[in-house]
Each structure stands twice: as structure tokens, then as C-alpha cells.
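Asker: sequence below, structure please.
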Amino acid sequence: MVTTRAFATGWSFTQIGGGQGTKEGEWLPVTDFPTTVHVELLRIKRIPDPFVGMNEWEVQWVGESDWAFKNTFMITDSDLAAKHVDLVFEGLDTFASVTLNGQVILNAENQFVSYRVSTKEYLKLGTNDLMITFTNAFREGRQLEKAYGKFHLWNGDSSRLHVRRAQYNYGWDWGPVLMTVGPWKPISLQTYDVRITDVDIRCKVSEALDVDVTVDLELSGSVLGSVCVILIDPCGKVVRSQDALTLRFGSAHTEFHLVREEAKLWYPVHYGQQPLYTIQVEVKDAHGHLLDSRHEKTGFRRVRVVEEVLVDQPGKTFLFEINNIRIFCAGSNWIPADSFLTTVDPRRYRAWLRLLVEGNQIMTRVWGGGVYEADVFYDTCDELGIPHEVLVWQDFMFSCGQYPAYNSFLKLVETEAEQNVKRLRNHPSIVIFAGNNEDYQLAESLNIVDYSDEDSDYRNTLFPARYIYERTLPSIVTRLCDVHYHRGSPYSAPGMPTTDPTFGDLHQWNVWHGSQLSWRNWDVLSGRFISEFGMQGYPNVRTVDYWLNGHRDERFPQSRLNNQHNKADGFERRLELYLVENFRHGYVYYTQIMQAEALATAYRLWRRNWRGKGREYTAGALVWQMNDCWPSTSWAIVDYFLRPKPAFFAIARELGQFTVGMIRKEKKTYTDELSAVSFIIETILEVWGTNSTLMEKKAQLEVTLFELDSTWTDKFSMDVVLAPNSSTELFLGQLPGQPTRTKLSEVPRMIIASARLLDESGSVLARLSNWPEPYKFIHFPTIKDLGLSVKIGSDGESIELSSEKPVKGIVLDVEGEDVKWSDQAIDLVPGDPQIVKAVGLRGRDVKVRFLGDGSA
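Answerer: Residues are numbered from 1 along each chain as shown. Here you go, the predicted structure:
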């Protein structure tokens, strides 16, 4: 029988040679385990909080020092009676030498892998001493760089390219330089005679939705005995079993078949249930004694990445099909939730993933500059009965670099890929592995990639990592699982540059980065699948005050402390560009509304491109980014403290099951082709709806028009049918009330169009207001003329908003402790009051911000 003893207590640590962390020879007790050095020093107040003020630069010495952790444990006669006694290190960050009773048993050099060491020969009865010495990863990386060469990259120090550890710790354009070090995952002692080393479960779901399950078992050695394999459904019922499989040379194989009627299929949120089956494996010796057992959870689903020719546009689709249902995959990019990952407990992971689902997101992309996430992350994405179930796009951990491919590096990568594919492959939520983040883009920028060459070895070219992305990783993924492999993100197709929008996935950064175009151009900046795009926005002011730490004299946008907490190059120029183009602005609130408007517009326009089978011109959009790893101003739509920004709510509305979209365009027609002054300008209104359900939906479209500076209104309505799983065009015509203009000096009327989709009972399925842009040209009514009403409900936990004039961009807040709001960045029009849930309000007065409120 396999026994496992976790080493969770009794640890102490020291700074080797002494220094700012400890005196020489001083060993400090570890407060929690697993852990890293910054976390321990912070808990005992030997370093300042690096998330506050300029303190990031006060703790750089931690990551550039050497540290040791030690533990003493007891070994008994029963431990030594086992044939094998192993120490298992699930994760060491990063370069570590491990000694047991003074003997070196392991030299580790990859944060992303686990290590198992046979230790019986080094153990003794009674007390045993375990020591882990961590050397400075930054120095190790620089030495590797000297030996193997300096390569190009975006973000961080170039030495990171040689080191297999979390790349974001070297600093990114949203994160600090905090080089963690320590035993960041559990350590345990295992005793056994024989153990299960691998359970390879393959669940193939046919087009008819029958299920074939194969289970392949590998043991650590040959043994006379048998294997029992049981398939248990989500209710705990045994549905298939093999009771006495014969072991052959330490392996066994079995298969199960379930017809469609008896198989419970796994679906992402909003499309069905998330039933998880359990594969229970037991290995017994010839006398029937249990040697080892394993319980693996999995789900049955048919996943295809569909790349098909489109009906009437060039290129091919890039879409995800689950159980024969084509799904518009809207969601966000996930970065590590903290610079110090050992502080992210299961409760915090679940809170983050609950926010994903509350935001109507259906996919998250685990970005390639962080880590292969903790098991609880993927378990939560799989779970039945809890609103967390999202699809996972999983990058391999390479990002924004010209990575090497020398032999020792390749061996590290192979082990890393094999271990993590095996660990992750049974999660039904994982639907794609991608080789890297933006490494092909970097190669294109350096002009070092030859896309006409699909056959070379690549290791001796200027883009050596192509060997990893096109040889090593696909062979490992194909051998070990059935998950789709994609060479990188972005990646279009073999022979095509990553900027080709008609194939594969696209990172659309021509808003903010690149050519810095207006967000109103998202419709022409589309692609088959937009896996990155974004806009910065300030976090909740409480988060700003956290990093200011009482320094009221720094509470202005251009202060040194605020600058410290935005890591993006040129952020001030870019923020000001988009603010000045669109608003007569203050700052924190206006950046939040700017982010909300920009991102909601993107989702609205790209979701319109999901037009039914053969016309899936855009099949998904993942905003950069969902979260932050520290308190900062960034592209995140939820800040480090899990406080959603207004953009989170604006996106959630655009990702509802039913939405209504509008856009106004000016059409200029020359009446005399030989004259530049003879023309007419018409304002065209386009209205469409979306329906992500699998049934058509009958509804009424109601469009109401308001002039902002008069009492003029107009209204029209029509019965419509929203096609299933598609967008539907509803109206195209001149904007009612807007005269045709013949001179550029003629100022258009300030007409706001409000559209609602109503179901057969009159309930609102979706609403949207369309305002003239840019907003800086609007002369907003005085506050007293708005007739804005904010009524707190009798429960003290809800608010009714109404107005007599249209109001744009309402953001609610209170003094003191924050409130969990159900909506923000709200547009309000007369005759359409809205209720906002406010958990934690407790009847307190509500502060209201909106465009034109006269405040900064």
C-alpha cells in the first residue's frame, strides 16, 4: 500500500551567509507551508509590503540572495520495511540543491515540474535532516545567458529566456519585478512496494454522441496481481467495471462504451450540465492485498476546433464546437492572481472564477508568461453544480521571447510538457493547448522567421524555438492526450503571418498599442478569433489608496507613486490620447468609463460577426486581461482585490444570452462628382440582436429617440425573431430626427437612440443606448434638468435609478466599505428605470458619477 506523509510543519529558513533577511546562522520558523521567502519575511515584518508605494525596489535583494530551508523528520522501521521510500517535491522555485543527511540527492532547475527521488539508501532509523538550498535565479540565468547567448524579448530581463520559471516575475508591462524563491508546492515522503505511475484516460465522443472510454495503466514495476477499473457516474452509481484485469509487464488496458442515451455529457456554462465521472483504479497483488489506488475525475465531451472555409469571406473559421454545438467563446485572459502564488488559496481561486461566470464569460486563457495553474483552478472550471464552468485555453509557458533550443534546455522543456500535459489532460474544461504567447510575433518583428520553410530542424536558425513549438510540443500533446494543439497565440496558419485576420487567432492591439486607432474601428479590426485586445482603466479608488498608503500629497494621476503602479510603457501618452479624443475629462472615473466603452464596443461589434454556420466571421474574443497580480493601473477589468471595474459590467451586458446592438454611421454622398462642396451627409442607424441559445426567440424591438437639449422624442417598434446561436440584423435606415446635412458646419442634433428587446411578457431581454461620439462634443444638461432619481429599496440592498433626460455612464459608490454591485457604467433613459442590486449597502447614501456631472 502506498502511504504518503506530507511535510507541512517543522520548516525553518535562513539567508545563506546572513544579510537583511536573517543574521548568519539565524533560522526563522516558517509560518505556513508551502511558501516563498518574500511571503515569510513579510509576515514577520522584515520587509515592507512590496505592493505599497515604492517598496517594490526596497525588496529586490530578496530575489538576488541565496536561501536555505530545512526540516527534521522521523523514520520508523515500518517506513524502511517498504521496498521504496521516495521524497516527492511537487514544485521548487527554481534552482535548488537538496541534501538528505548531508548527501546531495537532487539538483532542481525548473519551477514547473515535480521531482521524485528514491531515498531509502540515504535514510536512517530515527531523526533525518532535509535541507534545500536555493541559489539566486537571476544570477543563474545571467550565467546561462553568458554560456548560450543573449536573445531578444519583450518585457523583463533577457536572461529569463534561459530559465524555466514564471516569466512575469522578471517584470511585465502590468506587473512588478519580484523574483520569488522557495518551496512553492508541497513536499512529502512516500513509501510503497509498487505504485501507479500513470493513468491515461481517453474519452472519445462520436458525432452521434456515443462515448468510448479507454484506460491505460502503468505501474512503477512488474508485479503479479490484478487491476480493478470502475466507472462511476456523477450520482455515485457504478455504470461500468472491469474487476480482474491481468497485469502484463506492469501495465493494463481496458475499454468502456456508453451509448448516447446513458452518457451524461459535459457542457460549458449556459449550454448544459457539467457532470463529472470518476475512474476508480485499484491494483492488488496475487493475494488480493491493495497495493495502490487512484481516483481520477473527467467529463465526456466532444471538442473540435473547426477550421472551415467560409461562405462569403476569405480564409477559414477558427471556432470551438462542444458536443456538436458551435460556441461563440467570449471571455478573458488570465494572468497569475498574485506575485506571490502561495498566498492564493482555493477560496480566492473560486472567487475569481465565480466572477468570470457572473460576467457571462465562457472561456479563459491561461497566459504563457505565468504558470501552469494550480489543480484547484482547473477543478473549479470543471465543477458540477457551482457556477464556475468555463472553457480553458491553455498556453505553454513561453512568452514574448526568442527562446533558445540547446539540448539541456530542450530536456527541461520535454519533461515540463510531459508532466503538465499528463496533469491537465483529464480536465474537460481544457479545450486547446497553445505553444506560446507572441513568440511568432516577436520573430516577425525581427524578420527572423521564414514561413515558407515547414520542414527544417530550426534549432540552428535565428528562431530556434520553432523546433519547440512545431516539433517538441505537438508530438508530446499528440502522444499523451486528445486535446487540440495550436502552435502559438497568435498564430494564423502554416505559411501565414500572425497578423493575417482571416485565419487562426489574432492579438488585436491596434487600439492602445500599434497604430493607436479609435475603438470605434473595432469592426474593421476584427479577425476569426480575437485572443487578446484591451484598454487600460484605473482601479477602484480604494485600491489606489492602498498603494498610496496615506500619502495624500501623491493622490494625483501623474504622481511618482501612481507612476510606480502602472508598468506599461508610454501609458500616460496613450491614456491621454484616448481620453482627449473622447472626453472633456477628469481622470480615475473617465479612464474607467473609457475602458468600459472601448471593451463593450469590441464585444458588441465582434459578436455581430457570429452570423450562423459558414458565416462565423469572428468566433470569440478574450479581453486582456481579467485580473491583476498586484494593486495597479492596468488593462485588468477586475483589480487585485477582486473589485470589478465598470468595464466588467459593461462586458457582462454584451455577453448576455440576448443582446441588442446599435451603431450609427455617417454616409457622405457627392451630388456632383466634379465638386468637393456638393454633397449630402446622412446618419444611418444599424440595429441587430444576438441570441446565444439554441432556440429562436420571438421578441419586440423597441427604439426610442431623445434629443438631449429639447423635449423632442420619437419611437418605433417591430416584431422580430432572433435566430438561434447567431446574430440577426433588425434595422437599417436613417436615424429618425437627424436631418440630412449639406455642410460640415451644420452641427448634428444631439439624438440618443435607446433600443430594447422585449419578450412576449414585456420583460426586458436586453437594452442599449447609442450616443453621438465623441462624447467631448456633447453639451450635457445641467444636473437639475436631468431629473435623476436614486432611490434605495426598502431592503436597503437595492437601488432604483430613473431620470427625465438620458444619462450616460452612471457609476455608483459609497463612503467606507465597498459594496458588491450588480451593475455599473449604466446608461439611463426616460421611461426605463433600472434596479441595481447592492449587497452590503445597508441603506447607506449612494454617490453617483456620470458623464457631464461637472466633477473631475
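
Asker: pLDDT below threshold where in the stretch 501-650 of the chain?
Answerer: Nowhere does the stretch 501-650 of the chain drop to pLDDT under 70.

Asker: that one: helices as residue ranges?
Answerer: Using DSSP state H, counting those that start in this stretch, the helices of the stretch 501-650 of the chain run over 541-548, 560-564, 571-582, 588-608, 646-654.

Asker: would a markdown table of the ones you listed with distance to Thr127 and mean neighbour count be doable?
Answerer: From N, CA and C alone the C-beta is placed, and that goes for glycine too. Compiled in a markdown table, those are given as follows (distance: least, CB to CB, whole Å; neighbours: other CB atoms under 10 Å):
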| stretch | distance to Thr127 | mean neighbour count |
| --- | --- | --- |
| helix 541-548 | 45 | 18 |
| helix 560-564 | 48 | 16 |
| helix 571-582 | 55 | 16 |
| helix 588-608 | 58 | 25 |
| helix 646-654 | 54 | 26 |
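
Asker: looking at the ones you listed, which is nearest to Trp154?
Answerer: Closest to Trp154 of these is helix 571-582 (CB to CB; 15.5 Å).

Asker: which residues are contacting the closest one?
Answerer: By CB atoms under 8 Å, 6 or more residues apart in numbering, the list of residues contacting helix 571-582 from outside reads 512, 516, 518-519, 535-536, 558, 568, 585, 587, 590-591, 594, 597-598, 633, 773-776.

Asker: where's it relative to the chain centroid, distance-wise?
Answerer: Relative to its chain's centre, helix 571-582 lies at 26 Å (CA atoms, centre = their mean, to the nearest Å).

Asker: just want the angle from that helix to helix 588-608.
Answerer: Angular relation of helix 571-582 and helix 588-608 on a 0 to 180 degree scale: 70 degrees, by axes from the mean of the first three to the mean of the last three CA atoms, to 10 degrees.

Asker: just the CA atoms of helix 571-582, as PDB, please.
Answerer: Listed next in PDB are the C-alpha coordinates belonging to helix 571-582 (Å, rounded to 0.1, in the frame of the first residue of the first chain):
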ATOM      1  CA  PHE A 571       0.900  54.700 -20.600                       C
ATOM      2  CA  GLU A 572       0.500  58.400 -19.900                       C
ATOM      3  CA  ARG A 573       0.600  59.300 -23.600                       C
ATOM      4  CA  ARG A 574      -1.900  56.500 -24.500                       C
ATOM      5  CA  LEU A 575      -4.300  57.200 -21.700                       C
ATOM      6  CA  GLU A 576      -4.300  60.900 -22.600                       C
ATOM      7  CA  LEU A 577      -4.700  60.200 -26.300                       C
ATOM      8  CA  TYR A 578      -7.900  58.200 -25.800                       C
ATOM      9  CA  LEU A 579      -9.200  60.500 -23.000                       C
ATOM     10  CA  VAL A 580      -8.700  63.700 -25.100                       C
ATOM     11  CA  GLU A 581     -10.100  62.100 -28.200                       C
ATOM     12  CA  ASN A 582     -13.300  61.200 -26.400                       C
END
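
Asker: how many residues are close by the nearest residue to Ala652 once chain neighbours are set aside?
Answerer: Leaving out its chain neighbours, the residue that sits closest to Ala652 by CB to CB, 6 or more residues apart in numbering is Gly359, at 4.4 Å. As a burial measure, Gly359 scores 24 neighbours (other CB atoms under 10 Å).

Asker: wait, Gly359 sits on Leu655?
Answerer: Yes. Using CB atoms under 8 Å, Gly359 is in contact with Leu655, at 7.0 Å.

Asker: which ones among the contacts of helix 571-582 map onto strands?
Answerer: Counting by DSSP state E, none of the members of those fall within strands.

Asker: which among the residues you listed end up buried?
Answerer: Using 16 or more other CB atoms under 10 Å as the burial test, the contacts of helix 571-582 include 512, 518-519, 535-536, 568, 585, 587, 590-591, 594, 597-598, 633, 773, 775 as buried.

Asker: where does pLDDT dip in the stretch 101-250 of the chain?
Answerer: For the stretch 101-250 of the chain, applying pLDDT under 70 flags no range at all.

Asker: what are the boundaries of the helices in it?
Answerer: So, for the stretch 101-250 of the chain - with DSSP H, counting those that start in this stretch - the helices run 137-148.

Asker: list the contacts for the residue nearest to Ala652?
Answerer: By CB under 8 Å, 6+ apart, the neighbours of Gly359 are 332, 637, 644, 648-649, 651-652, 655.

Asker: can you do 7 Å?
Answerer: Shown in contact with Gly359 (CB atoms under 7 Å, 6 or more residues apart in numbering): 648, 651-652.

Asker: burial measure for Arg615, as a count.
Answerer: As a burial measure, Arg615 scores 15 neighbours (other CB under 10 Å).

Asker: is the closest residue to it other than its chain neighbours in a helix, a strand, or coil?
Answerer: Closest residue to Arg615 apart from its sequence neighbours, by CB to CB, 6+ apart: Val311 at 5.6 Å. Following DSSP: H, G, I helix; E, B strand; the rest coil, the label given to Val311 is coil.

Asker: so what pLDDT did Val311 get?
Answerer: At Val311, the pLDDT value in this model is 94.

Asker: Tyr617 is in contact with that one, correct?
Answerer: No. With contact defined as CB atoms under 7 Å, Val311 does not count as touching Tyr617 (9.8 Å).

Asker: could you dump stretch 24-34 to PDB, C-alpha only?
Answerer: Coordinates of each C-alpha in stretch 24-34 appear next as PDB, following Å, rounded to 0.1, in the frame of the first residue of the first chain:
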ATOM      1  CA  GLU A  24      24.300  34.500   9.600                       C
ATOM      2  CA  GLY A  25      23.300  31.200  11.200                       C
ATOM      3  CA  GLU A  26      19.800  32.500  12.300                       C
ATOM      4  CA  TRP A  27      17.000  30.200  11.300                       C
ATOM      5  CA  LEU A  28      13.500  31.500  11.300                       C
ATOM      6  CA  PRO A  29      10.400  29.300  11.700                       C
ATOM      7  CA  VAL A  30       8.200  29.100   8.500                       C
ATOM      8  CA  THR A  31       4.700  30.300   9.300                       C
ATOM      9  CA  ASP A  32       2.900  28.400   6.600                       C
ATOM     10  CA  PHE A  33       4.000  25.700   4.000                       C
ATOM     11  CA  PRO A  34       4.400  25.600   1.000                       C
END
